[in-house]
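**Student:** Mind folding the following:
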Amino acid sequence: MRILISYPTEIGIFDIGQTPDRKYHAIFNEQSLGIFISVQDAVDALVKNETNKVLHPETNEVVDTSILGIVEDYTQWDSNY
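**Tutor:** Take a look at the predicted model:
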């Protein structure tokens, strides 16, 4: 999987990646949080807490991604192109 963009938060970095079959994944700690048809859909799912559950890397508690300050405009994310 190729990482396209990344966004740092207080619990770690979230990535959006793309597989060779052109599907997009929201990723945290090298784990896919879901498959999406576009970069924006993946970002929107993180902003709205509509992905597979995210576990805090230190406490293992489920994290509500909607409170992490992830910006909806993916052009403001760090680009790894």
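
**Student:** I figured Ile16 was touching Ile5, is that so?
**Tutor:** Yes. Taking contacts as CB atoms under 8 Å, Ile16 lies within contact range of Ile5: 4.9 Å. Any C-beta I mention is one placed from the backbone N, CA and C, and that applies to glycine too.

**Student:** neighbour count winner among those two?
**Tutor:** Higher neighbour count among Ile16 and Ile5: Ile16, with 24 against 19, using other CB atoms under 10 Å.

**Student:** Is that one bridged to anything, and to what?
**Tutor:** In this entry, Ile16 is beta-bridged to Ile5, Ala26, by DSSP bridges.

**Student:** Report the contact partners of the residue most central in space within the chain.
**Tutor:** With distances taken as CA atoms, centre = their mean, Ala26 lies nearest the centre of the chain, 3.6 Å away. With contact set as CB atoms under 8 Å, 6 or more residues apart in numbering, Ala26 has these partners: 14-16, 32-34, 36, 42-43, 45-46, 51.
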